[in-house]
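In: sharing a model prediction with you, sequence too.
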Amino acid sequence: MADIERYFAAANSGEGFYSFFGEVFDRKRLDRIYLLRGGPGTGKSTLMKKIGKRAEAEGLSVQYVPCSSDIGSLDGVIIPEKSTAIFDATAPHSAEPSYPGAVEVTAELYPALITIALRGKRDEIIAFSDTAKRETTAAGEYLSAAARMKREAITEAKHAFDSEKAARAAKREAAALSVGGEEKHRFISSIDKDGRKSLDTYLRLAKTKVAVTDKFGLGHELLRLILAFSRERGAHCTVFPDPVTPEYPEALWFEKDRTYYFIDPEGDSGCEKRLNIMRFVSRKRLATVRGKLRFAARCGAALEEGAVKCFMRAADCHAELEEIYSSAMDFRFADMLSEKIISEIFG
């Protein structure tokens, strides 16, 4: 059965909008990329889902790239066997062709908009758009502060961390991994109006699932060590950064072995293999910083919740914009564009 993968190509992070779009939709590796453009509610996600389902129906592997701000929408679809992708080239990941015609094909939905109807909604469109932008910016400030708290907590927790013992364990893990592959970067979780959410793609695809049980942020340190030793051996993987602090990995996917390492804060994943971070922690030293860690955790959670509330208000504005644009959209045009692209991809 062909693999169906779902991952994020970008995330709302403590470093702002953090994107791997250039890597995911690599213009020098894919033969054809459709740059899809259109306003909110013009049918971009519907078109991409239709193409993905057609590929699935033909038994092809499909990579779905959900929107990091709305998991129900898509930023793109990749069909590896066809060396073809289609993605939303409008803001915040606007894109222009680098190799027009040779690689990229622009696919415009804007011509299907009835502009007379939109001019009558000018003030509403401006107000909703500007409010959504302000709320998204405010959410970024909350996430930036949450990232500072998380980094501070990890710094404190490292005083209780036996890095040498953890390194020996990480080296043993890396030694069991197959050499080869290539390093990739994706996000497996994101933060939006519904809070933090993670996709289950690699939990589903993995033959071996390794849960790093951790409540102090030190799981990131263990994953960094496993990543370093696997790189040293030439066993490459897909690295999934934490969406708040993207310098820290929250999961690693070794495709050749179909092995998935991930952080499990609550220790309730039911995996057959676990790496308990407490094996590498001095409880005596931990006791001296536990108060700081709890305080940082409470602050970080409150700041993330503040970001979520901002994303909720931005999402409400986006929903209003979608309704306005949908009412001014000739979807017959979108259907014809969809059929044209499907015909070009599948013949």
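Out: Here it is on my side, so go on.

In: next structured bit after the lowest-mean-pLDDT helix or strand in the chain?
Out: Least confident element among the helices and strands of the chain, by mean pLDDT, DSSP states H and E: helix 115-119 (a mean of 90). Next helix or strand after helix 115-119 toward the C-terminus (DSSP states H and E): helix 122-157.

In: what packs against that following helix?
Out: When contacts are defined as 3 or more C-beta pairs under 8 Å, 6 or more residues apart in numbering; DSSP states H and E, helix 122-157 sits against strand 10-13, strand 16-19, helix 218-233, helix 283-327. Any C-beta I mention is one placed from the backbone N, CA and C, and that applies to glycine too.

In: what about the nearest residue to G306 once chain neighbours are set aside, how many neighbours?
Out: Beyond its immediate neighbours in the sequence, the residue positioned closest to G306 (C-beta to C-beta, 6 or more residues apart in numbering) is Y142, lying 4.2 Å away. By the other C-beta atoms under 10 Å criterion, the neighbourhood of Y142 contains 22 residues.

In: so, low pLDDT: which residues of the stretch 51-200 of the chain?
Out: Residues of the stretch 51-200 of the chain that meet the criterion pLDDT under 70 are absent altogether.

In: reformat the helices and strands packed on helix 122-157 as JSON lines; add mean neighbour count.
Out: As requested, those are arranged in JSON lines below (neighbours: other C-beta atoms under 10 Å):
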{"stretch": "strand 10-13", "mean neighbour count": "25"}
{"stretch": "strand 16-19", "mean neighbour count": "16"}
{"stretch": "helix 218-233", "mean neighbour count": "20"}
{"stretch": "helix 283-327", "mean neighbour count": "17"}
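
In: out of the ones you listed, which gets nearest to P111?
Out: When the helices and strands packed on helix 122-157 are ranked by distance to P111, counting by C-beta to C-beta, first place goes to helix 283-327 at 13.3 Å.

In: how far off centre is the closest one?
Out: Distance of helix 283-327 from its chain centroid, counting by C-alpha atoms, centre = their mean, to the nearest Å, is 16 Å.

In: save the helices and strands packed on helix 122-157 as JSON lines, and put in distance to R27 and mean pLDDT too.
Out: JSON lines is the format used below for the helices and strands packed on helix 122-157 (distance: least, C-beta to C-beta, whole Å; pLDDT from 0 to 100):
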{"stretch": "strand 10-13", "distance to R27": "17", "mean pLDDT": "94"}
{"stretch": "strand 16-19", "distance to R27": "15", "mean pLDDT": "92"}
{"stretch": "helix 218-233", "distance to R27": "26", "mean pLDDT": "96"}
{"stretch": "helix 283-327", "distance to R27": "28", "mean pLDDT": "95"}
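
In: I188 is nearest to which of the ones you listed?
Out: Across those, I188 has its closest neighbour in strand 10-13 (9.6 Å, C-beta to C-beta).

In: mind listing what's buried in stretch 144-159?
Out: By neighbour count with 16 or more other C-beta atoms under 10 Å, stretch 144-159 contains the buried residues 144-154, 156-158.

In: would CSV of those residues with distance to R196 be doable?
Out: Shown next, in CSV, are the buried residues of stretch 144-159 (distance: C-beta to C-beta, whole Å):
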residue, distance to R196
S144, 16
A145, 16
A146, 11
A147, 13
R148, 17
M149, 15
K150, 12
R151, 17
E152, 19
A153, 16
I154, 17
E156, 22
A157, 20
K158, 23
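
In: for those residues, which one is nearest R332?
Out: R332 lies nearest to S144 out of these, by C-beta to C-beta, at 44.4 Å.

In: do I have it right that the closest one meets G14?
Out: Yes. Counting by C-beta atoms under 8 Å, S144 does reach G14; the two are 4.9 Å apart.

In: so D75 touches S69, yeah?
Out: No. If you go by C-beta under 8 Å, D75 and S69 don't touch, sitting 9.4 Å apart.

In: of these two, which one has the most company?
Out: Set D75 next to S69 and count neighbours by other C-beta under 10 Å: D75 wins out with 27 against 24.

In: phi and psi next, for the more buried one.
Out: D75 has phi and psi values of phi -90, psi -20 when expressed as degrees, to the nearest 10.

In: OK, contacts around it?
Out: Contacts of D75 were listed using C-beta atoms under 8 Å, 6 or more residues apart in numbering, and they are 8-10, 21, 65-68, 87-88, 93.

In: recalculate using a threshold of 7 Å.
Out: With contact set as C-beta atoms under 7 Å, 6 or more residues apart in numbering, D75 has these partners: 9, 65-67, 87-88, 93.

In: take the residues you listed and keep only those in strands.
Out: Applying DSSP state E to these, the entries found in strands are 65-67, 87-88.

In: and which of those residues is nearest to P97?
Out: Compare each of these with P97 using C-beta to C-beta and the shortest gap goes to F87, at 12.6 Å.

In: I'd guessed that closest one sits against F25; true?
Out: Yes. Contact criterion C-beta atoms under 7 Å: F87 and F25 qualify, at 5.5 Å.

In: which neighbours do those two share?
Out: Both F87 and F25 are contacted by G76, under the criterion C-beta under 7 Å, 6+ apart.

In: CA atoms of stretch 194-212 as PDB?
Out: C-alpha atoms of stretch 194-212 as PDB (Å, rounded to 0.1, in the frame of the first residue of the first chain):
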ATOM      1  CA  ASP A 194      -7.100  24.900  18.700                       C
ATOM      2  CA  GLY A 195      -3.900  24.800  20.600                       C
ATOM      3  CA  ARG A 196      -0.900  22.500  20.000                       C
ATOM      4  CA  LYS A 197      -1.700  19.600  17.800                       C
ATOM      5  CA  SER A 198       0.500  16.800  16.400                       C
ATOM      6  CA  LEU A 199       0.000  14.700  13.400                       C
ATOM      7  CA  ASP A 200       0.200  10.900  13.700                       C
ATOM      8  CA  THR A 201       1.800  10.100  10.300                       C
ATOM      9  CA  TYR A 202       5.000   8.500  11.600                       C
ATOM     10  CA  LEU A 203       3.400   6.800  14.600                       C
ATOM     11  CA  ARG A 204       1.300   5.100  12.000                       C
ATOM     12  CA  LEU A 205       4.100   4.300   9.500                       C
ATOM     13  CA  ALA A 206       6.800   3.300  12.000                       C
ATOM     14  CA  LYS A 207       7.800  -0.300  12.600                       C
ATOM     15  CA  THR A 208       9.600   0.800  15.800                       C
ATOM     16  CA  LYS A 209       8.300   3.700  17.900                       C
ATOM     17  CA  VAL A 210      10.600   5.000  20.600                       C
ATOM     18  CA  ALA A 211       9.000   7.300  23.200                       C
ATOM     19  CA  VAL A 212      11.300   9.700  25.100                       C
END
